[in-house]
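Novice: mind folding the following:
(one chain, ligands or ions: 1)
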Amino acid sequence: MALQTPIPALFSDQLRELLPTEAEALLASLDEEASVSVRLNRRKTETPPASLPIGEAVPWAKPVGFYLDGRPAFAADPLWHAGVYYVQEASSMLLRLVAPLLGEEPLRALDLCAAPGGKSTLLVDLLPEGSTLVSNELIRSRAQILAENIQKWGGVHSVVTSTEPQRLGRLRGQFDFILVDAPCSGEGMFRKEEEARRQWTPGLVESCARQQREILDDIWPALAPGGLMVYSTCTFNRQEDEDMLTYLVEELGAESVALPELPEPITPSTLSSYPCYRMMPHRLRGEGLFMAVVRKPDAEIGSARSKPTRSKSKPNPKLPQEVLRWLTPELRVDVTLQSLPDGTLTAIPSALYSIVEALQGAKIPILTSGIPLAEVKGRDFLPLPALALSVGLDDEAFPRAELTQEEAIRYLAREAVTLSADTPRGLVLVTYEGYPLGFAKHLGNRTNNLYPQAWRIRHPELLLSGLDVKE
Ligand SMILES: C[S@@+](CC[C@H](N)C(=O)[O-])C[C@H]1O[C@@H](n2cnc3c(N)ncnc32)[C@H](O)[C@@H]1O
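Specialist: Residues are numbered from 1 along each chain as shown. Predicted structure coming up:
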């Protein structure tokens, strides 16, 4: 449906000046219907779910990215809640083009502006095997959503933090790869969001550019010599795009890096002498995205990686076997258990340990790390919901109870569930089409629903009646 708010006239004028040959086509495309696309979680599935109206493959995101023929009610699809796919705008999937630059060695990566998690979940799949990813979001309420999405995606080498760029910047040389998907004036959202059209002013562009420079200044010290930084926005103006790349190169001493392989509709921006890329909605099926890659020179003076400070929290010396056997055999011998102040145990794989220690040492708030394993209840351990969705869960650890779609929606709404009489008593992994959704405790005559309050679906009746409700 076309949006009510007109495109700001000043924006159109500036665009005509900036891109005289393309502005009209670009402006016309902003009044067209946006396409809907999803990216599959390759650790959970290889084939697109039958629940989705799968259309063409997204050319730059094969074999995991697909356009949909229409917009289904995602909230009514238990597979969406199970982290089997992520609803992601197709041009954001262009981040996959950096893959050939990443090499094969494990990297320590940071996604600085990460909520709600589209590019972080993509990075979990894109980074070389054994890499670690810190996904950070400044705004706490958005960071909670990010943590939920990261947990549902199920990777074992992720950490979610919520702090300002300056504090992460103090971890000097700690990261080999940093993504700055910067807060921006959002001109690329003009097709989808009334709010983006309403909020836009030339002053907003200026203040965003100022903030982006500050963010880059703050986080640059955290990039290791030789490390890569990707800078991206979803806006079209030069100040927040090409000018910011110029700032990185000419003020911060970065080397610009060209993408080695460009799929058909993507060409380098003509507005910079340094290589960078504009994805434009009139040239490809997707919204606007600007992307540039830079490298920190190897021999930068004084930027050697700072030693991680030792944290006060001690790994639990006695590893409770009962809890460890919930993990895959490879992880059982690889993880350290940490007791957290909220009375839960989390399993930190060895690859993640030093970065978690460095974050804890710097007193950076961590929302989730590794595999959240169990809540300690006296002498008992109750498995945490994130464990059900983690690829680190051992397939044999719990008996399973398969639900229908209606039962699954009711389970996800934390309503009472009735499991079949032959379900074993005790902890049960609840599944839909074989994909884990969470845990329940089966007591014989009734079942306790252990789905977390914070993740629960709020309008199950409406969803079951076929209405699309935004959860
Ligand atoms: C473009 S969005 C990120 C989208 C995300 N990368 C994804 O793919 O799902 C930018 C994010 O930066 C956050 N942000 C806002 N102000 C910030 C600041 N001063 N420093 C760092 N991040 C900020 C916003 O809350 C927002 O979540």
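
Novice: what does the chain have sitting close to the ligand?
Specialist: Residues of the chain lying near the ligand by C-beta under 6 Å from any ligand atom: 92, 113-119, 137-139, 142, 165, 181, 183, 211, 215. Yep, even glycine has a C-beta here, placed from its N, CA and C like the rest.

Novice: try it again at 8 Å.
Specialist: By the rule C-beta under 8 Å from any ligand atom, the part of the chain lying against the ligand is 88, 92, 111-120, 122, 136-139, 142, 146, 164-165, 179, 181-184, 186, 211, 214-215, 232-234.

Novice: tell me, what residue is most central in this structure?
Specialist: Central residue check for the chain by C-alpha atoms, centre = their mean: the C-alpha nearest the mean position is that of residue 117, 2.4 Å away.

Novice: for it, give me its contacts.
Specialist: Shown in contact with residue 117 (C-beta atoms under 8 Å, 6 or more residues apart in numbering): 86, 135, 145, 146, 149, 150, 153.

Novice: quick check: the gap between it and residue 137.
Specialist: 9 Å (C-beta to C-beta, to the nearest Å).

Novice: anything in contact with each of those two?
Specialist: Common neighbours of residue 117 and residue 137 (criterion: C-beta under 8 Å, 6+ apart): residue 146.

Novice: tell me if I'm right that residue 97 and residue 268 touch.
Specialist: No: under the criterion of C-beta atoms under 8 Å, residue 97 is not in contact with residue 268, lying 12.0 Å apart.

Novice: so which of these two has more stuff around it?
Specialist: Each of residue 97 and residue 268 has its neighbours counted (other C-beta atoms under 10 Å); residue 97 has more, 21 against 14.

Novice: in strands, which of the contacts of residue 117 appear?
Specialist: Among the contacts of residue 117, DSSP state E puts 86, 135 in strands.

Novice: what touches both of residue 97 and residue 268?
Specialist: By C-beta under 8 Å, 6+ apart, residue 97 and residue 268 have these common neighbours: 262, 277.

Novice: which stretches of the stretch 201-350 of the chain form helices?
Specialist: 202-219, 242-250, 321-324, 329-332, 350-361 (DSSP state H, counting those that start in this stretch).

Novice: before we move on, back to that, now the buried members of the residues of the chain next to the ligand.
Specialist: Taking 16 or more other C-beta atoms under 10 Å as the criterion, what is buried in these is 88, 92, 111-120, 122, 136-138, 142, 146, 165, 179, 181-182, 184, 186, 215, 232-234.

Novice: restricted to strands, list these.
Specialist: When DSSP E defines the strands, the subset of those inside them is 111, 136, 179, 181, 232, 233.

Novice: which one of the residues you listed is nearest the ligand?
Specialist: Distance to the ligand, by C-beta to the nearest ligand atom, is smallest for residue 181 among those, at 3.6 Å.

Novice: what residues are up against that closest one?
Specialist: Taking C-beta under 8 Å, 6+ apart as the contact definition, residue 181 lies against 111, 112, 113, 114, 119, 232, 233.

Novice: do the same with residue 69
Specialist: Contact analysis of residue 69 by C-beta under 8 Å, 6+ apart lists 53, 54, 55.

Novice: the helix or strand hosting the last one pairs with which strands, and in what direction?
Specialist: When elements are defined using DSSP states H and E, residue 55 is found to belong to strand 54-57. Sheet pairing of strand 54-57 (DSSP bridges) gives strand 65-68 (antiparallel).

Novice: what sits up against the strand it pairs with?
Specialist: Contact with strand 65-68 is made by 35-40, 48, 52-58, 88, 90, 93, 285, as judged by C-beta under 8 Å, 6+ apart.
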